[in-house]
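**Student:** how would this look folded up:
(4 chains)
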Protein chains: 2
Amino acid sequence: MAERKSVPDPTLLRICRYLRILERHGAPTISSAAIAEAAGVNAAQVRKDLSFFGEFGQPGVGYDVKQLLSSLKKMMGLDREREVIVIGAGALGSALINYPGFENRGFKIVGVFDNNPAKIGHRLRGYEVMPIDRLAEVISEHNVSIGIIAVPRQSAQDVADALIEAGVYGIVNFAPVTLKVPDDVVVRSVDLTLQLETLAFHLDN
Amino acid sequence: MAERKSVPDPTLLRICRYLRILERHGAPTISSAAIAEAAGVNAAQVRKDLSFFGEFGQPGVGYDVKQLLSSLKKMMGLDREREVIVIGAGALGSALINYPGFENRGFKIVGVFDNNPAKIGHRLRGYEVMPIDRLAEVISEHNVSIGIIAVPRQSAQDVADALIEAGVYGIVNFAPVTLKVPDDVVVRSVDLTLQLETLAFHLDN
DNA sequence: ACTTGTGAAGCATTTCACAGCC
DNA sequence: GGCTGTGAAATGCTTCACAAGT
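**Tutor:** Presented below is the predicted three-dimensional model:
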């Protein structure tokens, strides 16, 4: 929970987006203006964001893409593999399991869980679907630090409780509820309909 | 694009979450403190958020749940059905198509598109998958105002361009890129990995 | 006694603007 | 000439605190 120097959350999210831009950038160097243009933000914003992590650029030249990439990855904790599990083998869980963005960024799925007996034991895109009661076992065996909740709203809190009980400190929640967790657990939510709903407002106004 | 009185974006997102809380609330009235507790925010925040849309509460009593719900839905533009299309019939598109949250909130899917010949013509959870070149036709025929982009990063901008060309003014983008669009088009992005990536940082710090 | 609605204060984030460096 | 890094200004958002209503 505690941060060395308190990096603003919006900065963290933007840095991840810069990472993608850098990865697809051809030239060996890039300016803050070019990153800003690709990310749709202000150039000063880019420089300020980077400044939370150090000084990476050369005045008059810009940033060395390769070097900036590896520095940022390291500072963001994205330079090593992490074991994650997915709870919920429905349509969404299934989509997440083979979403390339996860494995590409070092998040290795080491378990898929569901409480539906019809699904348990079957293979889902290469992963065996396990019953929820094996959660704790898999978590400790693979040293899982992150759980991805892709179950219906009704069971999301129960799953979160089980994850925390088993020692998971990071949760990505795809269910449309606000999870109640202790202060030392970090929850980040992705709500599939929220943005769509706000769009209704924007189109009318 | 233009708003009557400029409602902050965070407020819009929270209002949508309050909507869900209200829908699941048993009692006929609710206080700002109760909404706040369920949403994990400050009670003053709830009152301020609601105040952007009007005065709905009674001092000493709270808010009439039914009345607040219907007022908010109306002000958010969620009181009527809207036609949407989904572009991309891969794992994610497929998950979105039968995600209950969409239809439940008045977003009616009237078309599913993909450019993969192997998928075109086949039915996907009840929807016929159509080729991208029928986009404009379906959009004008069904009066589609919102397009949901669930294609890989590489084709997302092309799809956005085609949507805009065909008269769509609202886009929900699930691809991990920043789309370039004219000022009168509203894009809202949902990034499936961004939150997971920031979690890596939080767990290390 | 309890709860709303809201000015005003407090805090956070973004943008500006420019000194300093290549 | 072009670009970074960063104080300072500007903006935006959240929380406080309280008058007013029931």
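**Student:** which ones are touching the closest residue to A:Ala160 other than its chain neighbours?
**Tutor:** Setting aside the residues directly before and after it, A:Ala160 is nearest to A:Leu179 in space (Cβ to Cβ, 6 or more residues apart in numbering or on different chains), at 4.8 Å. Quick note: C-beta positions are derived from backbone N, CA and C, even for glycine. The contact partners of A:Leu179, taken as Cβ atoms under 8 Å, 6 or more residues apart in numbering or on different chains, are A:Ile149, A:Ala156, A:Gln157, A:Ala160, A:Ile171, A:Asn173, A:Val187, A:Ser189.
**Student:** pick out the most distant pair among these.
**Tutor:** The distance between the two most remote of the contacts of A:Leu179 (Cβ to Cβ) is 12.8 Å, for A:Gln157 and A:Ser189.
**Student:** how close does the residue located most distally from the centre of chain A get to DNA strand C?
**Tutor:** Distance from the centre of chain A peaks at A:Gly60, with 34.1 Å (Cα atoms, centre = their mean). Separation of A:Gly60 from DNA strand C (Cβ to the nearest atom of the strand, to the nearest Å): 3 Å.
**Student:** which residues touch that residue?
**Tutor:** Counted by Cβ under 8 Å, 6+ apart, A:Gly60 has zero contacts.
**Student:** quick check: which helices or strands does the helix or strand that contains A:Val86 pack against?
**Tutor:** A:Val86 belongs to strand A:82-87 when assigned by DSSP states H and E. Packing partners of strand A:82-87 (3 or more Cβ pairs under 8 Å, 6 or more residues apart in numbering or on different chains; DSSP states H and E): helix A:91-97, strand A:107-114, helix A:135-142, strand A:146-149.
**Student:** CSV for those, including distance to B:Asp49 and mean pLDDT?
**Tutor:** Below are the helices and strands packed on strand A:82-87 laid out as CSV (distance: least, Cβ to Cβ, whole Å; pLDDT from 0 to 100):
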stretch, distance to B:Asp49, mean pLDDT
helix A:91-97, 28, 95
strand A:107-114, 34, 97
helix A:135-142, 36, 97
strand A:146-149, 26, 98
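**Student:** distance to chain B added to those, as JSON lines?
**Tutor:** Listed next are those as JSON lines, based on distance: least, Cβ to the nearest Cβ, whole Å:
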{"stretch": "helix A:91-97", "distance to chain B": "4"}
{"stretch": "strand A:107-114", "distance to chain B": "6"}
{"stretch": "helix A:135-142", "distance to chain B": "14"}
{"stretch": "strand A:146-149", "distance to chain B": "6"}
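**Student:** mind checking which of these is nearest DNA strand C?
**Tutor:** Set against DNA strand C and scored by Cβ to the nearest atom of the strand, those come closest in strand A:146-149, at 22.5 Å.
**Student:** got the buried residues for the helix or strand just after that closest one?
**Tutor:** As assigned by DSSP H and E, the chain's next helix or strand after strand A:146-149 is helix A:153-165. Across helix A:153-165, burial judged by 16 or more other Cβ atoms under 10 Å in any protein chain shown covers A:Ser155, A:Ala156, A:Gln157, A:Val159, A:Ala160, A:Ala162, A:Leu163, A:Ile164.
**Student:** can you show me the CA trace of helix A:153-165 as PDB?
**Tutor:** Extracted as PDB, the C-alpha positions of helix A:153-165 are listed here (Å, rounded to 0.1, in the frame of the first residue of the first chain):
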ATOM      1  CA  ARG A 153     -21.800  -9.800  -8.900                       C
ATOM      2  CA  GLN A 154     -23.400 -12.000  -6.300                       C
ATOM      3  CA  SER A 155     -20.300 -14.100  -5.500                       C
ATOM      4  CA  ALA A 156     -17.600 -11.500  -6.000                       C
ATOM      5  CA  GLN A 157     -17.300 -10.500  -2.300                       C
ATOM      6  CA  ASP A 158     -17.200 -14.200  -1.300                       C
ATOM      7  CA  VAL A 159     -14.400 -14.800  -3.800                       C
ATOM      8  CA  ALA A 160     -12.500 -11.800  -2.600                       C
ATOM      9  CA  ASP A 161     -12.800 -12.900   1.000                       C
ATOM     10  CA  ALA A 162     -11.500 -16.400   0.000                       C
ATOM     11  CA  LEU A 163      -8.600 -14.800  -1.900                       C
ATOM     12  CA  ILE A 164      -7.600 -12.600   1.000                       C
ATOM     13  CA  GLU A 165      -7.900 -15.500   3.500                       C
END
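**Student:** mind giving me the packing neighbours of whichever helix or strand comes after it?
**Tutor:** Heading C-terminal from helix A:153-165, the first helix or strand you meet, by DSSP H and E, is strand A:170-173. Other elements packing on strand A:170-173 under the criterion 3+ Cβ pairs under 8 Å, 6+ apart are strand A:146-149, helix A:153-165, strand A:186-189, helix B:194-204.
**Student:** distance check, the spatially closest residue to A:Val151 that is not a sequence neighbour against chain B.
**Tutor:** Leaving aside its chain neighbours, A:Val151 sits nearest to A:Gly88 (3.8 Å; criterion: Cβ to Cβ, 6+ apart). Look at A:Gly88 and chain B: by Cβ to the nearest Cβ, to the nearest Å, they are 11 Å apart.
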